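# Sequence and predicted model, in that order:
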Amino acid sequence: MSEDLIRASQGTPWSEWQKSAHLARAPWITPGQLCPPGRRLVLVAPHPDDEILMAGGLLSQFRGREQDLVLISATDGEGSHPGSDQWSERRLRHQRPLESQHALQQLDLNLRELDWRRLNLKDGALPRDEPFLVNHLSQLLQPGDLLMCPWRHDGHCDHEAVGRACAQAAQARGADLAEVPIWAWHWAAIDDARVPWQRARRLQLDDSSLARKRQAIATHTSQLEADAGRAPVLSAQFLECLLQPFELLFL
Ligand SMILES: [Zn+2]
């Protein structure tokens, strides 16, 4: 599924997801159970904003323990507005990492303490760089780490490439893997058999984590504004699914 096809489809709103028996059956897990102090979280974001969409609430729990967190930004997200006059690739390459930086500040993370790696890979071409990603992650990972990435069937070529690379590297290094659906919230149906419901867990977010996540999402203005008649990349309907008091993971 291409990004344009994802955007063109009408999407599944939260009012539908609320009726999902699969979602209602997903067991709850707390951030402390998933990432107790001392356990390292390595999070791979294909584009600037994916880290917040995937795990903004969880990341806010790393305030004061930034040494347990490694954030890898694979691309600078320059491909989000193809053909746009307002948002050229050059402008996006500058703007979107800044939006990520501001978002992490909204989560109250101390960026000087954070191991944040920007790989500057080409947006839209991550399948080509999959062997590089596997190699990079294999050198970084330690047994016992939690590696978090988009679900390998999320419906966007970059998300899927990162998901596959992470699955391979986690297995090779004895790290645990948490895959996170992002675009699947939009395209999947509430009883979709393609979704690995038996692996689904709901990571519980408290009010302050959810509030910080909301503020962090708001910094991604390039993705939230309409552009010359085109709808925003991140619609209000889509964001409502990601601003619930939980983050959905496949463990
Ligand atoms: Zn993305």
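Structure received.

# List, one by one, the residues from the stretch 1-150 of the chain near the ion.
Counting by C-beta under 5 Å from the ion, the stretch 1-150 of the chain comes close to the ion at P46, H47, D50. For the C-beta atoms, the positions are set from N, CA and C on the backbone; glycine is no exception.

# In strands, which of these appear?
In this view, these have no member that belongs to strands under DSSP state E.

# Just put those residues in TSV and tack on neighbour count and pLDDT.
Listed next are these as TSV, based on neighbours: other C-beta atoms under 10 Å; pLDDT from 0 to 100:
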residue	neighbour count	pLDDT
P46	30	98
H47	30	98
D50	27	98
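
# any idea which of these is closest to L243?
D50 (15.3 Å; C-beta to C-beta).

# any idea how far V70 is from the residue nearest to D129 when sequence neighbours are not counted?
Spatially, and ignoring its direct neighbours in sequence, D129 is nearest to L121 (5.0 Å; C-beta to C-beta, 6 or more residues apart in numbering). Separation of L121 from V70 (C-beta to C-beta, to the nearest Å): 17 Å.

# what sits against W197?
Contact analysis of W197 by C-beta atoms under 8 Å, 6 or more residues apart in numbering lists H22, R25, A26.

# what about G163, neighbour count?
By the measure other C-beta atoms under 10 Å, the count of residues near G163 is 23.

# any idea which element it lies in?
G163 belongs to helix 157-173 when assigned by DSSP states H and E.

# Which strands or helices does that helix pack on?
Under the contact criterion of 3 or more C-beta pairs under 8 Å, 6 or more residues apart in numbering; DSSP states H and E, helix 157-173 touches strand 41-45, strand 69-75, helix 130-140, strand 146-150, strand 176-180.

# can you put the ones you listed in CSV and add mean pLDDT?
As requested, the helices and strands packed on helix 157-173 are exported to CSV (pLDDT from 0 to 100):
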stretch, mean pLDDT
strand 41-45, 98
strand 69-75, 98
helix 130-140, 98
strand 146-150, 98
strand 176-180, 98
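
# Same list, the ones you listed, but as CSV with mean neighbour count please.
Converted to CSV, the helices and strands packed on helix 157-173 look like this (neighbours: other C-beta atoms under 10 Å):
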stretch, mean neighbour count
strand 41-45, 25
strand 69-75, 24
helix 130-140, 16
strand 146-150, 26
strand 176-180, 22
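
# Can you lay out these as a markdown table showing distance to V195?
Shown next, in a markdown table, are the helices and strands packed on helix 157-173 (distance: least, C-beta to C-beta, whole Å):
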| stretch | distance to V195 |
| --- | --- |
| strand 41-45 | 21 |
| strand 69-75 | 24 |
| helix 130-140 | 23 |
| strand 146-150 | 14 |
| strand 176-180 | 11 |
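
# Of those, which is nearest W14?
Closest approach to W14 among these (C-beta to C-beta): strand 176-180, 17.0 Å.

# Show me what that closest one is in contact with.
Contacts of strand 176-180 (C-beta under 8 Å, 6+ apart): 34, 54-55, 144-152, 163, 166-167, 170-171, 199, 247-251.

# Closest one of the residues of the stretch 1-150 of the chain next to the ion to E240?
Nearest to E240 among these, counting by C-beta to C-beta, is D50 at 17.7 Å.

# For the closest residue to the ion within the chain, give me its contacts.
Nearest residue of the chain to the ion: H47, at 3.6 Å (C-beta to the ion). Contacts for H47 (C-beta under 8 Å, 6+ apart) come out as A74, T75, G77, S80, R96, D123, D158.

# what about the residue lying closest to the fourth one once chain neighbours are set aside, how many residues close to it?
Spatial nearest neighbour of S80, chain neighbours left out: V233 (5.5 Å); criterion: C-beta to C-beta, 6+ apart. V233 has 21 neighbouring residues, counting by other C-beta under 10 Å.
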